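> next one to model:
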Amino acid sequence: MKNSRIFVYVMEKKELKINADKTSWYVLYTAPRAEKQVRDRIDALGIECWLPLHRAPRVWSDRVKIVELPLFNSYLFVRCTDPELRNLTRVYGVARIVYYNGKPAVVRQKEIDAIQEFLDQASEHVLCPGEEVEILCGAMKHVSGKVKKIKKNHLVLYLEQLGATVCVKLDDVAWVDRLK
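Numbers count the residues shown, from 1 in each chain. Take a look at the predicted model:
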């Protein structure tokens, strides 16, 4: 009976050691707008780090520029062991580890792959002024026009056929290239 207790204790120790060496994807919460700097600091430590970025147009009074922005503001994915994760809280810019049910949130590889696939599909084309789009719904369905301005959720389109300018929701248009 005494030997069986020792055996169970030894087995538990081995399992703990195996889990300590296993790497998983975890989520870190960073200081606002510090995602790229924190990513660079963690990369310098030799720990795999992934910051999903997407390209989006930003409008200033004199120009439109395509910039890379984090897909999830203030969130960063790291692949490391549990002990390494605990040390990452000391990295400047890391606010905290994201927890779920009292444990560090583990993200499965298939979820990371799904985010990557989404980004690959979304990054095929970024809408810019001057491009031709087609309206998908409403009274002007199937009418095409050129993008004049990009607002947050709307586009200002010039409809050459009508000689008019209209404001359309971003979700209600598709790039003409995508339709062909």
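
> quick check: domain ranges of this protein?
Using automatic domain parsing, the domain ranges for the chain come out as 2-122, 132-179.

> got the ones you listed as CSV, with mean neighbour count and mean pLDDT columns?
Placement of C-beta: from N, CA and C, glycine included. Shown next, in CSV, are these (neighbours: other CB atoms under 10 Å; pLDDT from 0 to 100):
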stretch, mean neighbour count, mean pLDDT
domain 2-122, 13, 84
domain 132-179, 14, 82
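
> which strands or helices does the helix or strand hosting residue 113 pack on?
Using DSSP states H and E, residue 113 maps to helix 109-122. The contact analysis (3 or more CB pairs under 8 Å, 6 or more residues apart in numbering; DSSP states H and E) places helix 109-122 against strand 24-30, strand 53-59.

> strands of the protein, residue ranges please.
Using DSSP state E, the strands of the chain run over 24-30, 48-50, 53-59, 64-70, 75-80, 94-97, 99-100, 103-104, 106-107, 132-135, 144-150, 154-159, 164-169, 173-175.

> residue 32 touches residue 93, doesn't it?
No. If you go by CB atoms under 8 Å, residue 32 and residue 93 don't touch, sitting 9.9 Å apart.
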